[in-house]
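Enquirer: Sharing a sequence plus its predicted fold:
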Amino acid sequence: MKAFMRQSWEVSSRRIAAILVGWLVATNALVGIDWWPAKVVLFLCITLLPGTALLRLLHISFKNITTRLVYSFGLSVLVLILSGLAANSILSLFLAKPLELPGALTVWDTVTGLIILAGIVTKRTVVRIQKWSVEDFPKSSFLLIVASALLPCSAALGAFRLNNGGDGFVALITLGYAATLIICVCLLRQRLSDGMLAWFIFTLGLGVLLMTSLRGWDIVGHDIEREFRVYTLTHMHGFWDISMDRNPYNACLSITILPEMFARLLNISGLVVFKVILQVIFAVCPVVIYLLLRRYVPKLAALAGSLLFICYPTFINDSAMLTRQSVAYLFFALALLMMTNEVQKKRYKLLFLLCSLGVILSHYSTSYLFVALFTVAAMGKLCIGWWRHHRSLGHTMPRTVLSPLFAGLLMFITFMWYTQITATSSGLLLTLRKSITDIPAIFSDDNKSTDTAAVVLFAGGKSQANLFDSYITGKPGTGSASIKPEYLPRLTSDNLPLTRLGQKAHAIGIDPAVITTFRQNFARFLQILALVSVTFVTYRMLRRKPKALGADFVCLSIAALVLLALLVILPFLSVDYGILRAFHQAIIFLILPIMLFTVWVSRLVKAWMRTLLAVTGIVFLFLTFSGVFAQILGGVSPPLSMNNSGLYYGLYYSPEADSRALVWLKAYIPKDSDVRAANFNRAFMHDPNYPFSMQGILPSQLGTSSYVYLDPSQILRHRLYAHYENSPLVMTFPVDFYDKTKDRIYSSTSTGVYH
């Protein structure tokens with residue numbers, strides 16, 4: 001790429017201060033303007049200004065402008081969380097609703113203004129900024145900016161088409177367009193700057209997330225339903241109070257105070273925050289991974305590694321429904337990126353602590369895993385230092401944040417927040433206690449979830465049949481008569497019918513179900529690759545090979561493998577904590593040794609062959625895990641992003657008729673009644689004090705006086721979708737039993753209430 005930097009000019013500290021103050025004034029002027037372009041500009045202001053000022057205060061500068069942008073973004077999000085917490089704690093002494101706009105804006109302005117003022121006082125050096133000419137900006141970069149920007153727009157259109165009852169054609173075209181862009185970007189990478197490649201990764205990740213998050217006109221997803229519930233609790237009161245709902249979800253400020261600050265400052269609905277804004281935050285995470293990889297590997301390997309993170313099934317299918325975890329992942333990745341800095345002065349260590357604080361305040365299990373990972377890695381680093389000293393290979397290890405001191409600090413902050421301040425760590429203690437108690441059953445399949453059994457090496461688990469038997473017998477009714485055989489549910493599937501192409505593939509011996517098998521085997525292959533790669537980088541570090549990975553990341557990688565093994569081996573942990581989520585978090589830094597090993601192996605082939613293999617592999621994984629092959633072949637479970645059917649659609653999609661029926665139940669059924677539904681989380685999202693919560697709607701699970709609400713899955717598709725012991729179940733549903741033996745006291749074309 002032709003260099004477009006011409007010369008630099010000097011900017012005095014006084015002028016920079018004036019710019020920051022003017023930026024703050026302009027931000028306040030945009031508040032309250034009910035025009036969406038103004039809201040977009042305001043969003044950029046509140047997510048960049050505080051972080052930019054904080055980096056100046058810390059005297060931290062980066063050679064790469066993209067790195068400065070992601071840290072400015074992450075720190076600004078942290079300032080939003082902390083200023084909201086300050087408003088909640090201080091203004092509550094004077095205001096009943098301190099998180100409404102006057103209180104939220106006042107405290108945010110105060111915090112941001114103090115950061116700017118402190119930077120003015122402490123930093124008076126002249127800043128040199130390089131000039132550049134638009135004329136020399138490569139045309140390929142302009143084309144990439146425009147082409148990439150179309151991805152999120154097309155993803156939104158595809159989701160809206162499905163929400164309006166249309167087909168998945170636009171969504172399918174969007175994924176095909178994304179795959180085409182991946183090919184073009186990988187082939188033209190040498191003509192594109194790292195900033196342009198980072199922009200493409202951001203838009204691709206955002207497009208993938210929006211295809212899921214924008215499904216439905218309400219909240220759609222598993223964890224996000226409970227997340228929106230605690231947000232609603234905060235929003236209704238204009239105040240966050242852990243005592244109103246003392247559970248770990250309510251302790252996550254990423255889904256309580258942070259969305260409330262966005263909603264108040266931007267004057268938008270909480271639905272928009274969860275379905276769009278929080279997705280934008282997570283879309284920055286793959287960009288940080290790209291920047292992390294670029295410290296060690298060429299562009300092609302960095303692209304492949306960051307795209308592999310996006311292609312991981314958890315990112316495509318579930319991450320849009322895990323917003324608290326997504327915010328924590330961004331801070332986690334920023335903390336890791338800081339650790340690659342060779343000069344770890346005090347200000348950089350403070351930056352690491354700020355990012356770590358963001359992890360801890362955002363998500364409980366991510367912070368627990370982070371602390372455990374960091375502690376084990378610090379111990380491993382001490383052992384390596386002792387070994388080097390014993391073998392006379394060196395007396396000291398580099399002094400970095402990976403040390404017992406910082407491990408202790410992280411442990412202390414986590415302990416204070418989840419044990420002393422919010423008192424929500426009982427779930428962790430219970431999980432650990434049960435895991436230790438159940439160690440004698442360490443090899444029992446009954447104590448492992450099916451996702452562990454399906455994708456993890458050397459792990460057993462309950463079969464679908466065993467889970468089904470446990471589900472239908474584990475919640476007996478209190479007065480049900482014996483159920484006729486025709487009213488008993490059966491395990492079934494909701495697979496897409498075979499398309500013409502799928503039928504032709506089946507005729508020549510290719511079963512479309514191989515997609516599911518490939519997904520499981522790829523997860524196992526990735527684990528083997530991680531194990532081999534960590535062994536490789538460990539050997540190179542110990543043997544002091546040229547360009548060896550530093551001790552910090554080697555120790556973190558080894559610690560990750562140890563913790564993942566514990567999650568699989570300890571029986572209760574594998575059920576209580578999703579192994580796929582844990583592995584997705586570990587990939588954020590395990591991708592580094594994986595790509596280093598891949599680059600080392602790829603030296604055996606020519607450059608053009610490396611490009612061909614990398615591009616083909618990434619595009620194949622993207623099309624497979626995004627559901628494109630499933631859509632054009634059929635015969636497998638339909639992805640939510642392209643269908644109005646399937647497991648996730650049946651479990652979580654909330655139509656308008658569903659909402660109306662839940663409102664009717666609250667209005668006309670006595671609060672102390674036994675009311676059952678397949679999923680009451682849909683009601684709790686908007687009404688945390690909803691009076692009913694019982695599940696179990698099969699005939700064998702009912703009492704003699706039970707009220708039963710049947711949603712469109714049961715009425716229209718005769719299906720019951722359940723999530724039992726961290727595993728999904730799809731079974732037939734005997735609607736005839738209710739029509740023949742119960743009174744239908746509420747009815748619509750797709751819902752009904754029986755008594």
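Expert: Arrived safely.
Enquirer: same question for stretch 140-151, mean pLDDT?
Expert: The average pLDDT within stretch 140-151 is 90.
Enquirer: in it, what's buried?
Expert: 140-141, 144, 147-148, 150-151 (16 or more other Cβ atoms under 10 Å). Heads up, the C-betas are built off the backbone N, CA and C, glycines and all.
Enquirer: Give me the subset of these lying in helices.
Expert: Counting by DSSP state H, the part of the buried residues of stretch 140-151 found in helices is 140-141, 144, 147-148, 150-151.
Enquirer: Tell me which residues touch residue 192, please.
Expert: 1, 138, 140-141, 144, 185 (Cβ atoms under 8 Å, 6 or more residues apart in numbering).
Enquirer: would you turn those residues into a markdown table with distance to residue 206?
Expert: Converted to a markdown table, the contacts of residue 192 look like this (distance: Cβ to Cβ, whole Å):
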| residue | distance to residue 206 |
| --- | --- |
| 1 | 25 |
| 138 | 23 |
| 140 | 21 |
| 141 | 19 |
| 144 | 15 |
| 185 | 15 |
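Enquirer: shaky segments in the stretch 601-750 of the chain?
Expert: Within the stretch 601-750 of the chain, the ranges that satisfy pLDDT under 70 run 726.
Enquirer: In it, mark out all the strands, start to finish.
Expert: In the stretch 601-750 of the chain, the segments counted as strands under DSSP state E, counting those that start in this stretch are 675-677, 707-710, 719-724, 727-732, 744-747.
Enquirer: could these be laid out in a markdown table, adding mean neighbour count and distance to residue 652?
Expert: As requested, the strands of the stretch 601-750 of the chain are arranged in a markdown table below (neighbours: other Cβ atoms under 10 Å; distance: least, Cβ to Cβ, whole Å):
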| stretch | mean neighbour count | distance to residue 652 |
| --- | --- | --- |
| strand 675-677 | 23 | 13 |
| strand 707-710 | 24 | 16 |
| strand 719-724 | 20 | 9 |
| strand 727-732 | 19 | 11 |
| strand 744-747 | 14 | 22 |
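Enquirer: For residue 196, find the nearest of those strands.
Expert: strand 727-732 (39.8 Å; Cβ to Cβ).
Enquirer: Run the angle between the closest one and strand 719-724 for me.
Expert: 160 degrees (axes from the mean of the first three to the mean of the last three Cα atoms, to 10 degrees).
Enquirer: how about residue 179, what does it touch?
Expert: By Cβ under 8 Å, 6+ apart, the contact set of residue 179 is 619, 622-623, 628.
Enquirer: what do you get if the cut-off is 7 Å, keeping everything else the same?
Expert: Residue 179 is in contact with 619, 622-623, counting by Cβ atoms under 7 Å, 6 or more residues apart in numbering.
Enquirer: same deal with residue 258?
Expert: Counted by Cβ under 7 Å, 6+ apart, residue 258 has contacts 80-81, 84, 327.
Enquirer: got the CA positions of the helix or strand harbouring it in PDB?
Expert: Here residue 258, judged by DSSP states H and E, is contained in helix 257-266. Output of helix 257-266 as PDB, limited to C-alpha atoms (Å, rounded to 0.1, in the frame of the first residue of the first chain):
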ATOM      1  CA  ILE A 257     -26.200  -0.300  34.900                       C
ATOM      2  CA  LEU A 258     -24.500  -0.300  31.500                       C
ATOM      3  CA  PRO A 259     -27.600  -0.800  29.300                       C
ATOM      4  CA  GLU A 260     -29.500   1.700  31.600                       C
ATOM      5  CA  MET A 261     -26.800   4.300  30.900                       C
ATOM      6  CA  PHE A 262     -27.000   3.700  27.200                       C
ATOM      7  CA  ALA A 263     -30.800   3.800  27.300                       C
ATOM      8  CA  ARG A 264     -31.000   7.100  29.200                       C
ATOM      9  CA  LEU A 265     -28.200   9.000  27.500                       C
ATOM     10  CA  LEU A 266     -29.200   7.900  24.000                       C
END
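Enquirer: Any idea how far the helix or strand following it is from the middle of the chain?
Expert: Using DSSP H and E, the helix or strand that follows helix 257-266 in sequence is helix 270-272. Between the centre of helix 270-272 and the centre of its chain there are 17 Å (Cα atoms, centre = their mean, to the nearest Å).
Enquirer: Pull the residues that contact helix 270-272.
Expert: Outside helix 270-272, the residues that touch it by Cβ under 7 Å, 6+ apart are 219, 231, 235, 259, 263.
Enquirer: Show the average pLDDT along it.
Expert: On average, the pLDDT along helix 270-272 is 95.
Enquirer: Contact partners for the residue nearest to the spatial centre of the chain?
Expert: The structure's the chain has its C-alpha centroid closest to residue 326; by Cα atoms, centre = their mean the separation is 3.2 Å. Residue 326 sits next to 278, 281-282, 319 when contact means Cβ under 7 Å, 6+ apart.
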